[in-house]
Structures are given as C-alpha cells and as structure tokens.
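1. when you get a sec, could you give me coordinates for this:
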Amino acid sequence: MSTAPTFKSLNIAVLTVSDSRTEADDKSGNLLKKELTDAGHLCADKAIVKDDKYQIRAQLSAWIANSEIDVVLSTGGTGVTGRDGTPEAVSPLLDKEIEGFGEMFRVLSYEDIKTSTLQSRALAGVANATYVFVMPGSPSACKTAWSKLISEQLDNRTRPCNLVMLMPRLLET
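-> Residues are numbered from 1 along each chain as shown. Model (predicted):
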C-alpha cells in the first residue's frame, strides 16, 4: 500500500510591477506572500519594480538564474494600457509557455468580472527550470489565481498530477 507524499515546500519569489506601489501599500504582493507562506512555502524574495520591461526583466532574470528560486509570482502590468508591459517583458525569457494558465484564469475570472476578463493578459511558463506566473495587479485577481489554480499545482500532493512532480525533469534536453 502506497503512502501519501509528504508536502514539499518551495522557494517562491514575489514580484509586484507598479509605478505607484510601495511595500506599505502593496496589497497584491503582500496577499501572495501571505498565501504562499500560509500554504507552507518560503517567500525567498520580494520586490517592487516600475512597469518598465527592462526593470521587470532584470529582476526576473536574477531570480530565474538563481537555482534556489523554484517559482516566481508576478502581479501587475497585464492590462492593455500603454504602461502595461509585463507580458512583453516576461515572454522572451520563457523557455516554454503554459498556455492553460491564462486560459483557465480568464474562465475563472469571468465568474467575478464577466467580460472584463478579456482585458487580462495573464500568462505562465517555465524559464531555466523556474515556474513563472504573471497575474493582474488586483488583489481579487491574485486571490483567484492562487486559490483556484496555482496553489494546487504547487502542492506535490495534488493528484493526478502537479507542476512540482515535473520539476526534476524541467532541464532535460
């Protein structure tokens, strides 16, 4: 008889993309930090950068290059205005995109915000064996993404499968 796997804590970094947020009023970044630590993971780092593709790439690249960081949760900059550039900053860094994340996020968001969900350009992918999730900047969007999608996929006990069980194979060629 097989036994259930023991929970595996991951090292997760949180990136807030905003021209106006500070640590004191970073509701979405702080919500993600609380959610991931409540789930048993470690917040390995947290940063706030301006909505500038080069600042976003610089911070994200540092985390992707750090073998101690398993996951990056990014919030903000996914809309369609001129300053919203997180998807454009992140996409070139990804080795593989996980299309289902953005698709499922918009389906789930429809329950709360109806057709406004089409404005979200949420995405996820893998870069140098690091999972990257890019979410809108609102706390409710981050809560939806974490509680309905990300948390179970970052729990190695989730069956029939989860993203954690794939981690040892992410750098295969």
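
2. contacting residues around the nearest residue to Ile56 once chain neighbours are set aside?
-> What sits nearest to Ile56 in space, not counting adjacent residues and going by CB to CB, 6 or more residues apart in numbering, is Ala89, at 3.8 Å. C-beta coordinates here come from the backbone N, C-alpha and C atoms, glycine included. If you count contacts by CB atoms under 8 Å, 6 or more residues apart in numbering, Ala89 has them with Lys53, Tyr54, Ile56, Arg57, Leu60, Gly77.

3. save those residues as TSV, and put in neighbour count, secondary structure and pLDDT too.
-> Converted to TSV, the contacts of Ala89 look like this (neighbours: other CB atoms under 10 Å; DSSP: H, G, I helix; E, B strand; the rest coil; pLDDT from 0 to 100):
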residue	neighbour count	secondary structure	pLDDT
Lys53	17	helix	96
Tyr54	11	helix	97
Ile56	25	helix	98
Arg57	17	helix	98
Leu60	26	helix	98
Gly77	30	coil	95
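
4. farthest-separated two in those residues?
-> Using CB to CB, those span at most 12.9 Å, a distance reached by Tyr54 and Gly77.

5. which helix or strand lies directly C-terminal to whichever helix or strand Ala62 is part of?
-> Here Ala62, judged by DSSP states H and E, is contained in helix 53-65. Under the assignment DSSP H and E, the closest C-terminal helix or strand after helix 53-65 is strand 71-75.

6. in its sheet, what does that following strand sit against?
-> Taking DSSP bridges as the criterion, strand 71-75 forms sheet pairs with strand 11-17 (parallel), strand 130-135 (parallel).

7. tell me the mean pLDDT over the longest one?
-> Right, strand 11-17. Across strand 11-17, the average pLDDT comes to 98.

8. can you give me the angle it makes with helix 53-65?
-> Calculated by axes from the mean of the first three to the mean of the last three CA atoms, to 10 degrees, strand 11-17 forms an angle of 180 degrees with helix 53-65.
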